[in-house]
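Colleague: All I have is the shape, not the residue letters:
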């Protein structure tokens, strides 16, 4: 199938649309007399990126640290919470409503509390990233655990398999597709949470840099920073998708 004519077309069509859009953008902006501080041309954005790439990558590193900590906390605690809920019905009945409640509260309304508890800057940003991305990790992982074939579980229990053996031989594998789906969602949410946190309480990071460019009407540099964030997210997302195809071979 990979060698069929349809396979490269799946890449060629989006690439063609992308190129046409860039060309139209490049020529129509000056044609209509749109000011650069409103909408810069792609060439101006590239030039701005080259000019400010050092500070963009420096601030991106800060955001990446915030994202990785928030994302790691989400994956670890979300997975373990879902696993505990799948094993013990009482845990699910007791704590699942609180997971839903936390997700239903707009994070912005919790910001004053985060500032009191964790202060401005790094710690609050990590917590925002964590809170925003926790819910899908718990829900998707729990769904994966619950999709395990019950007949297989009953058979292993008939051979006196304990909870650890059930997890290691059955639950771990059956939940992987749902877990990877959760990971891909959480990448976007955790990164978004880090950027939003920098907008609200940050004094450094790529989100704070974007606001700085906005305040000085350096729109081309702002576009360059935004595109850098987008490309970074896509690369991380692609890496996780690639890992999924490597591990979940039975899909």
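Modeller: That came through, no problem. It should be emphasised that the depicted structure is a prediction, and the values quoted were computed from it without experimental measurement.

Colleague: Residue 181 in helix, strand or coil?
Modeller: Using DSSP: H, G, I helix; E, B strand; the rest coil, the structure places residue 181 in helix.

Colleague: mind listing the helices for the stretch 151-251 of the chain?
Modeller: Here the stretch 151-251 of the chain has its helices, by DSSP state H, counting those that start in this stretch, at 163-166, 172-201, 206-215, 219-247.

Colleague: and those helices as a markdown table, adding mean neighbour count, mean pLDDT and distance to residue 129?
Modeller: All C-beta atoms are positioned from the backbone trio N, CA, C, and that covers glycine. Formatted as a markdown table, these follow (neighbours: other Cβ atoms under 10 Å; pLDDT from 0 to 100; distance: least, Cβ to Cβ, whole Å):
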| stretch | mean neighbour count | mean pLDDT | distance to residue 129 |
| --- | --- | --- | --- |
| helix 163-166 | 12 | 73 | 32 |
| helix 172-201 | 22 | 91 | 4 |
| helix 206-215 | 20 | 94 | 11 |
| helix 219-247 | 16 | 94 | 13 |
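
Colleague: I'd like to know how many residues surround residue 45.
Modeller: Using other Cβ atoms under 10 Å, residue 45 has 22 neighbouring residues.

Colleague: Ignore what I typed, I meant residue 248.
Modeller: 13.

Colleague: list the contacts for the residue nearest to it when sequence neighbours are not counted?
Modeller: Excluding its sequence neighbours, the residue lying closest to residue 248 (Cβ to Cβ, 6 or more residues apart in numbering) is residue 176, at 5.1 Å. The neighbours of residue 176, taking Cβ atoms under 8 Å, 6 or more residues apart in numbering as the test, are 144, 247, 248.

Colleague: just these now: which is nearest residue 228?
Modeller: Relative to residue 228, the closest of those is residue 247; by Cβ to Cβ it sits at 29.0 Å.
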